[in-house]
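**Q** Below are the sequence and a predicted model; questions follow.
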Amino acid sequence: MNPDLQQLTLVFPDELEGPVLDALGAIAPEQPYTLLHATGHGRDFAAASSRERVRGQVGRRVLWLVAPVGELTTLIGALRERIHSRDLVWWRAPVAAFGDFS
């Protein structure tokens, strides 16, 4: 395990995709990430569409990136300053190994 690397996961509603990607591009333009379209069952369905309420799932985006712990701490703080939403949730997890197949 590389104790300095962690994976940051951000989960947010579809409508925050633009603001999150714009903020990430402004804060860390060279940082690679993976963005997935997903559905989920969150804590609040107040903004859910009729279709989402029937299905019991709302549209979400999941963004993963891997970086050193210090960079993630800075990135999370900068995102928090730019985006104020309880619907943008995050967590960090240790990365056991990281590499490519070159």
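**A** Here it is on my side, so go on. Numbers count the residues shown, from 1 in each chain.

**Q** all contacts plus neighbour counts: C-alpha atoms, from now on.
**A** Fine.

**Q** What residues of the helix ranked longest in the chain count as buried?
**A** Identified as the longest helix of the chain according to DSSP state H is helix 69-82. Of all the residues in helix 69-82, those buried under the rule 16 or more other CA atoms under 10 Å are 69, 72, 75, 78, 79.

**Q** same thing with stretch 15-29?
**A** With burial defined by 16+ other CA under 10 Å, the residues of stretch 15-29 counted as buried are 16, 17, 20, 23, 24.

**Q** Stretch 83-101 too?
**A** Those would be 88, 92, 94, 95, for stretch 83-101 by 16+ other CA under 10 Å.

**Q** Go through those and name the one nearest residue 39.
**A** Within the buried residues of stretch 83-101, the smallest distance to residue 39 is 14.2 Å, found for residue 88 (CA to CA).

**Q** ok, now how distant is residue 95 from residue 16?
**A** Distance, residue 95 to residue 16, by CA to CA, to the nearest Å: 26 Å.

**Q** I meant residue 76, not that one.
**A** 16 Å.

**Q** Low-confidence stretches in the chain?
**A** In the predicted model, the chain carries pLDDT under 70 at residues 1-3, 40-58.

**Q** now the helices: where do they sit in it?
**A** 17-27, 50-55, 69-82.

**Q** Looking at the ones you listed, spot the one closest to residue 63.
**A** Shortest separation from residue 63 across the helices of the chain is recorded for helix 17-27, at 9.5 Å, computed as CA to CA.

**Q** The closest one packs against which elements?
**A** Packing partners of helix 17-27 (3 or more CA pairs under 8 Å, 6 or more residues apart in numbering; DSSP states H and E): helix 69-82.
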